[in-house]
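*Asks:* need coordinates for the below:
(2 chains)
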Amino acid sequence: MTEQEPQATPDAPAAAEKPARHGPPIVVAEEVLNERGEETAAQLARTLGTLVLDAAGREDTPWVRVDAAELHEAAKKCRDGEMSMDMLNLMLAVDWVDRIQMVYVLYSTTNNRKAILKADLPAELPTIDSLTDLWEAATWYERETHDLFGVEFPGNSDMSPLLLYEGFEGHPGLKSYPLNDYEEW
Amino acid sequence: MTTEPQFETVDMMLNMGPQHPATHGVFRMVLTVDGEMVVDVTPHIGYLHRGSERLAEVESYGQVITLFDRVDYIANLNNELAWVRAGEKMMEVEAPERAQYIRVILAELNRIASHLLFIGTYAIDLGAMTPVMYCFRERERIENLFEHVTGARMMHNYMRIGGVRSDVPDDFVPWVRRLVGEVRKGVEESDNLLSTNEVFLGRTRGVGVIDGPSAVSCGLTGPALRGSGVPYDVRKDDPYEIYPYLNYKVPVGENGDCWDRYYLRVLECYESLSMVEQCLNQLPDGPIMAAGRRIARPPAGEVYVHSENPRGDLGVYLVSDGTDKPYRVKIRPPSFCNLVGLRPMTKGSYIADAVAILGSLDIVLGEVDR
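*Replies:* Numbers count the residues shown, from 1 in each chain, chains lettered A, B, ... in the order given. From the prediction side, this is the model:
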């Protein structure tokens, strides 16, 4: 499946908000699950039921998007249900400018399966429930995400800066943070 | 006749680091102690934060390789491998078989070099000065080979998305064969010197115990997790490159204490040496770089690739928006996750053991802080 971005014509209005891209059109990667991935996806669908908003995946790792308010419930079901996802392998935030997407990579050491949970947060005051009560590993990931992206995690008792120093202003992970500036300290 | 002491007892805070020889870098932990016992520990990191993930967003895919060299500066080639595999999956290219063999040989040798550094410095942490001399001698042999192949002892910038930069020198195979023999002797020497030493056993046996389920919950990986009896190794559980063609065992510990974590690394050195020998026997001829465009421009999408680094499961979550620069790069740093396990391991132990426990996690601060 390929999707072409509208090509900028030479006589396009100069007041366009975003400058026209040079170079070849954007191609969107096809997301295809293999047999193992399909099995995991079926398990995920059984486990989460109506919580799933959106689902796809690549190779052996399916992903589902759930509502941010229901993420904790979904994660708990994944951990305790038939999938027994006992490890929070990775957690990250992606700044899509209009929203912040949280991505949780779960792993089961007993079944050797991976699955990804995603949740969209508003760019203004992003807040999502903490997963520290489910996985100890979430404590530092959440502090890191709070430092770099400004996401709030109600439920995490310690939100002091982890990677940045006390009193640092701004969130350097965000696309809006200037990259080439520096400050003396 | 005994009487209760008439004074109030309070817990004392003991600061360790950031400039402390036993923290292997700029790492600080605040120990709350009750006499000799550690009641609580608060690690402080971030002194080496360089924003590698954010920097990667303004570099092209090929330039990010140099950043990954500097993420874990002890195991550079393993890190490069993680990044180029993420790029390859994103761009749907596959490295030729010869390139994959070369990459695995170098990555396994780098794993041995990293473990040797661990064995030596861990002995220093516990007060034994001699083993580090032997370990560094052997590590230097491996670094010499890397210099011969890649042109640099560290920060190689050797692997490429789709293969490797240049083919190995003509004398590579005999050199590595000789090297494997020498290093095996060296590892045996350090093993005999240290592993069953009475004092060493006394300092590490039953110290810093963590059970399997809590280790998994903390996100520990690599030898730190396998020491607790969980046989999770990415090379076996999610095979990549040519690892399925190799015959090797993944050593697993039982007790989850410092000695298990230490000894697994020694055993892994032997396994890696045997893997390198197998690779040399199977090393095919052929191209070293996949045919393709010079300027890498992957389709828009997201991939997650992880691989087994000497310290554990090194993951790369890569988001592309279809341009020639990554949109978001997230590294899953194994040392960072292993440090989460420091608090449950250290609580209730002696102050002197805190150093032994921290050393047994084998952290690299460049990777913790990125």
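*Asks:* any part of the lowest-mean-pLDDT helix or strand in chain A near chain B?
*Replies:* The helix or strand of chain A with the poorest confidence is strand A:52-58; it has a mean of 82 (mean pLDDT, DSSP states H and E). Yes: Strand A:52-58 lies within reach of chain B by CB under 8 Å from any CB of the partner chain, at residue A:58. C-beta coordinates here come from the backbone N, C-alpha and C atoms, glycine included.
*Asks:* check the offset of that strand from the chain's centre.
*Replies:* Once both centres are worked out by CA atoms, centre = their mean, to the nearest Å, strand A:52-58 turns out to sit 13 Å from its chain's centre.
*Asks:* pretty sure residue B:50 sits against residue B:369.
*Replies:* Yes: judged on CB atoms under 8 Å, residue B:50 makes contact with residue B:369 at a distance of 7.3 Å.
*Asks:* between those two, who's got more neighbours?
*Replies:* Neighbour totals were compared for residue B:50 and residue B:369, and residue B:369 leads with 23 against 13 (other CB atoms under 10 Å in any protein chain shown).
*Asks:* double-check that one against residue B:46; I have them as touching.
*Replies:* Yes: Residue B:369 is within contact range of residue B:46, at 5.5 Å (criterion: CB under 8 Å).
*Asks:* spell out which residues are contacts of both of those two.
*Replies:* Residues touching both residue B:369 and residue B:46 (CB atoms under 8 Å, 6 or more residues apart in numbering or on different chains): residue A:163.
*Asks:* run a quick neighbour tally on whatever residue of the stretch 101-250 of chain B ends up closest to chain A.
*Replies:* Minimum separation of the stretch 101-250 of chain B from chain A (CB to the nearest CB) falls at residue B:219, amounting to 3.1 Å. Other residues near residue B:219 number 31, with proximity taken as other CB under 10 Å.
*Asks:* my read is that it contacts residue A:132, right?
*Replies:* No: look at residue B:219 against residue A:132 with CB under 8 Å: they stay out of range, at 12.0 Å.
*Asks:* show me where pLDDT drops low in the chain?
*Replies:* You didn't pick a chain, so chain A it is. A:1-21, A:181-185 (pLDDT under 70).
*Asks:* meant chain B actually
*Replies:* Filtered on pLDDT under 70, chain B yields the residue ranges B:1-5, B:293-295.
*Asks:* run through the strands of it in chain order.
*Replies:* Using DSSP state E, the strands of chain B run over residues B:12-16, B:19-20, B:25-26, B:28-34, B:37-44, B:159-160, B:163-164, B:301-309, B:312-320, B:326-332.
*Asks:* how about these in JSON lines, adding distance to residue A:115 and mean neighbour count?
*Replies:* Shown next, in JSON lines, are the strands of chain B (distance: least, CB to CB, whole Å; neighbours: other CB atoms under 10 Å in any protein chain shown):
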{"stretch": "strand B:12-16", "distance to residue A:115": "39", "mean neighbour count": "13"}
{"stretch": "strand B:19-20", "distance to residue A:115": "40", "mean neighbour count": "13"}
{"stretch": "strand B:25-26", "distance to residue A:115": "34", "mean neighbour count": "19"}
{"stretch": "strand B:28-34", "distance to residue A:115": "34", "mean neighbour count": "17"}
{"stretch": "strand B:37-44", "distance to residue A:115": "30", "mean neighbour count": "18"}
{"stretch": "strand B:159-160", "distance to residue A:115": "29", "mean neighbour count": "26"}
{"stretch": "strand B:163-164", "distance to residue A:115": "31", "mean neighbour count": "24"}
{"stretch": "strand B:301-309", "distance to residue A:115": "11", "mean neighbour count": "24"}
{"stretch": "strand B:312-320", "distance to residue A:115": "14", "mean neighbour count": "26"}
{"stretch": "strand B:326-332", "distance to residue A:115": "15", "mean neighbour count": "23"}
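*Asks:* how many residues are close by residue B:127?
*Replies:* 11.
*Asks:* oh, that last question was meant for residue B:35, not what I typed.
*Replies:* For residue B:35, the number of neighbouring residues by other CB under 10 Å comes to 10.
*Asks:* same question for residue A:93.
*Replies:* Counted with other CB under 10 Å, the neighbours of residue A:93 add up to 25.
*Asks:* quick check, it in a strand?
*Replies:* Yes: under DSSP: H, G, I helix; E, B strand; the rest coil, residue A:93 falls within a strand.
*Asks:* which ones are touching the closest residue to it other than its chain neighbours?
*Replies:* In space, residue A:93 comes closest to residue A:149 once its chain neighbours are excluded; the distance is 4.3 Å by CB to CB, 6 or more residues apart in numbering or on different chains. With contact set as CB under 8 Å, 6+ apart, residue A:149 has these partners: A:93, A:95, A:100, A:126, A:171, A:173-174.
*Asks:* could you do residue B:129 as well?
*Replies:* residue B:123.
*Asks:* repeat for residue B:355
*Replies:* Going by CB under 8 Å, 6+ apart, residue B:355 touches B:22, B:125-126.
*Asks:* 10 Å instead, please
*Replies:* Listed by CB atoms under 10 Å, 6 or more residues apart in numbering or on different chains, the contact set of residue B:355 reads B:16, B:20-23, B:122, B:125-127, B:203.
*Asks:* where do the contact lists of residue B:219 and residue A:132 overlap?
*Replies:* Common neighbours of residue B:219 and residue A:132 (criterion: CB under 10 Å, 6+ apart): A:88, A:138-141.
*Asks:* can I get the residues you listed in CSV with neighbour count, distance to residue B:115 and secondary structure?
*Replies:* Shown next, in CSV, are the shared contacts of residue B:219 and residue A:132 (neighbours: other CB atoms under 10 Å in any protein chain shown; distance: CB to CB, whole Å; DSSP: H, G, I helix; E, B strand; the rest coil):
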residue, neighbour count, distance to residue B:115, secondary structure
A:88, 26, 27, strand
A:138, 25, 29, helix
A:139, 22, 28, helix
A:140, 24, 25, helix
A:141, 26, 27, helix
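*Asks:* mind listing the residues bridging to the residue lying closest to residue B:328 once chain neighbours are set aside?
*Replies:* Closest residue to residue B:328 apart from its sequence neighbours, by CB to CB, 6+ apart: residue B:319 at 4.0 Å. Beta-bridge pairing of residue B:319, defined through DSSP bridges, involves residue B:302, residue B:328.
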